[in-house]
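Chemist: pasting the sequence and the predicted coordinates here, then a few questions.
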Amino acid sequence: RNALENSSGDLVVICDADTRPFPEFLEETLGYFRDPKMAWVQTPQWFSDIPPGVPLTAWLQRRLGRMGGAVGAGLERMLGPVRLGEDPFGNDPQLFYDFILRRRNRVNAAFCCGAGSVHRRDAVMEGALRQWSAGIEAALRRDATELRRVTGERELAPGLQDAQRWQSALEAEFTPYKFHVSEDIYTSIALHRDIERGWKSVQHPTVLSRMLSPSDLLSWTIQRFKYAGGTLDILRTDNPLFRPGLTLGQRIMYGSTFYSYLSPLWNVVFILAPIIFMLTGIAPLNGYSLDFFLHIGPFLLLNEFAMLVGLWGVSVARGRAWYIAAFPLNLRALWTVLKKQKISFPVTPKDRQGGRFLHLVKWQIGLVVAIVVALIWGWSRFATGVEGYTLGGMIANTVWGGYNALSMLPIIRAAVWQPDPEFETAIVEGKPA
């Protein structure tokens with residue numbers, strides 16, 4: 001915003017303090033703006049400091065000597081390269097930028113993510129003017145209603161209306177990139193809703209800059225709380241899904257973004273259901289018959305196959321685990337927004353914060369313990385023939401509960417993760433491979 005007031009160029013590049021653009025950044029992005037309706041171009045964010053992890057061979061050799069190294073080498077020949085401790089905080093954004101956001105180009109719904117983006121000044125300023133004007137008119141309507149209530153008049157004199165409008169204009173702040181914790185997506189929605197101008201956006205496919213990522217769980221928590229709280233605040237205060245302007249495709253895409261941050265509501269149910277079954281024998285389903293397994297088995301396999309084909313080359317296992325395990329943080333963000341508390345914008349620390357952060361994962365640790373205890377209790381009840389503990393139910397809920405427990409482990413490991421000095425030098429400082 002400050003740069004817009006102190007510059008006059010047609011295009012503006014947004015960089016965070018830790019963003020390092022590559023020399024060809026402008027060469028690859030400015031061509032899009034030949035289209036007069038192109039409002040902004042977002043490039044993929046790439047974190048050059050993600051911990052590379054320790055090769056399995058080296059890890060085993062440290063602990064078991066030469067024999068361990070030989071075992072590790074044999075395993076890697078069969079499985080391919082295996083690295084322990086790689087990307088411990090799930091920061092790699094390739095899945096989001098290359099698959100989720102880029103595929104929104106087809107319905108003109110790729111939104112701005114801040115750093116690494118290029119914006120048309122006219123689009124941003126015009127969008128701000130429209131919001132400013134709309135804010136003045138809204139304030140005028142509120143004030144007019146209050147004045148009519150006080151004075152008892154049905155209509156206000158034209159001179160008084162003009163004075164009110166002038167006063168509202170003086171009090172309303174003109175803010176390109178609205179003061180909001182998620183000003184990037186907020187501005188994106190405002191421009192996409194402009195039917196008259198029909199602004200476009202695009203997610204560029206190539207990485208053109210490098211950045212720094214959170215390197216400890218405390219910093220990660222600060223960043224992700226902002227993401228969740230800011231997005232949910234837009235949903236609560238200025239929900240675009242039921243307002244005019246967006247196309248059906250854009251509504252679906254923005255709706256999926258909001259929907260993803262409501263996940264703790266059903267993740268809590270999914271996490272607690274197998275625990276409740278094991279402790280009480282109350283099944284979350286009417287019956288675990290052979291017919292049930294014959295239907296759910298192919299569904300799960302085909303779902304995984306579809307994910308494998310659709311996201312070829314990118315693993316979703318880590319993201320899926322963090323999606324489940326981050327439920328306490330997302331619940332806190334949701335509760336904060338529902339209480340109408342302001343979501344602050346502390347800068348995400350990029351220098352590693354020392355220490356361990358087990359207090360940040362107390363709920364995840366508690367759930368792992370609860371799942372283990374419930375499994376022991378459930379199988380003991382099944383062995384003694386207690387009613388309600390069927391074999392089908394035991395198998396389904398053991399797999400289900402075990403998967404939930406495994407999903408908690410990455411964030412628990414991240415709380416105690418320490419960098420490996422020997423392999424930290426392997427962090428790439430140039431471009432991604």
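Modeler: All right, it came through fine.
Chemist: can you list contacts of stretch 210-217?
Modeler: Stretch 210-217 is contacted from outside by 16, 18-20, 22, 45-51, 89, 91, 115-116, 220, 222-223, 348-354, 357, 360-361, 411, 414-415, 417, 419, 429, 431, using Cβ atoms under 8 Å, 6 or more residues apart in numbering. Using the backbone N, CA and C atoms, a C-beta is placed for each residue, glycine as well.
Chemist: tell me the phi and psi of residue 84?
Modeler: Taking degrees, to the nearest 10, you get phi -90, psi 130 for the backbone angles of residue 84.
Chemist: separation between the closest residue to residue 120 other than its chain neighbours and residue 361?
Modeler: Once flanking residues are discounted, residue 120 sits nearest to residue 39: 5.4 Å by Cβ to Cβ, 6 or more residues apart in numbering. Remark: distance between residue 39 and residue 361 (Cβ to Cβ, to the nearest Å) = 40 Å.
Chemist: with residue 310 instead?
Modeler: 31 Å.
Chemist: following the helix-or-strand element of the chain with minimal mean pLDDT, which helix or strand shows up next?
Modeler: Lowest mean confidence among the helices and strands of the chain (mean pLDDT, DSSP states H and E): helix 158-171, at a mean of 62. Using DSSP states H and E, the helix or strand that directly follows helix 158-171 along the chain is helix 183-192.
Chemist: next helix or strand past that next one?
Modeler: strand 200-203.
Chemist: partner strands of that next one, parallel or antiparallel?
Modeler: Strands adjacent to strand 200-203 in the sheet, as given by DSSP bridges, are strand 38-42 (parallel).
Chemist: run the angle between the strand it pairs with and helix 183-192 for me.
Modeler: Interaxial angle of strand 38-42 relative to helix 183-192 (axes from the mean of the first three to the mean of the last three Cα atoms, to 10 degrees): 150 degrees.
Chemist: give me the helices and strands touching the very next helix or strand once past strand 38-42, please.
Modeler: As assigned by DSSP H and E, the chain's next helix or strand after strand 38-42 is strand 54-55. Strand 54-55 is packed against strand 83-84, helix 421-424, with contacts defined by 3 or more Cβ pairs under 8 Å, 6 or more residues apart in numbering; DSSP states H and E.
Chemist: and the ones you listed, which one's lowest on average pLDDT?
Modeler: Among the helices and strands packed on strand 54-55, helix 421-424 has the lowest mean pLDDT, at a mean of 68.
Chemist: what's around residue 106, how many residues?
Modeler: Neighbourhood size, residue 106 [other Cβ atoms under 10 Å]: 10.
Chemist: what residues does it make contact with?
Modeler: Neighbour list for residue 106: residue 249 [criterion: Cβ under 8 Å, 6+ apart].
Chemist: residue 72 touches residue 56, doesn't it?
Modeler: Yes. With contact defined as Cβ atoms under 8 Å, residue 72 counts as touching residue 56 (4.6 Å).
Chemist: overlap of the contact sets of these two?
Modeler: Common neighbours of residue 72 and residue 56 are listed as residue 82 (criterion: Cβ under 8 Å, 6+ apart).
Chemist: how much space separates the residue nearest to residue 191 when sequence neighbours are not counted from residue 122?
Modeler: Nearest non-adjacent residue to residue 191, counting by Cβ to Cβ, 6+ apart: residue 199, 4.4 Å away. Separation of residue 199 from residue 122 (Cβ to Cβ): 10 Å.
Chemist: more neighbours: which of these two?
Modeler: Higher neighbour count among residue 199 and residue 122: residue 199, with 23 against 14, using other Cβ under 10 Å.
Chemist: the more buried one reaches residue 192, doesn't it?
Modeler: Yes. The pair residue 199 / residue 192 is scored as a contact, 6.5 Å apart, by Cβ under 8 Å.
Chemist: who has more neighbours out of residue 39 and residue 361?
Modeler: Neighbours were counted for residue 39 and for residue 361 using other Cβ under 10 Å; residue 39 has more, 28 against 23.
Chemist: ok, now which ones touch that one?
Modeler: By Cβ under 8 Å, 6+ apart, the residues touching residue 39 are 119-120, 123-124, 191, 199-201.
Chemist: so among those residues, where is pLDDT lowest?
Modeler: Out of the contacts of residue 39, that is residue 124, at 89.
Chemist: the closest residue to that residue other than its chain neighbours and residue 191, how far apart?
Modeler: Nearest residue to residue 124, sequence neighbours excluded (Cβ to Cβ, 6+ apart): residue 176, at 5.0 Å. Distance, residue 176 to residue 191, by Cβ to Cβ: 11 Å.
Chemist: shared neighbours of the two, anything?
Modeler: Common neighbours of residue 176 and residue 191, counting by Cβ under 8 Å, 6+ apart, are 124, 127.
Chemist: would you map the strands across the stretch 301-433 of the chain?
Modeler: With DSSP state E, counting those that start in this stretch as the definition, the stretch 301-433 of the chain shows no strands.
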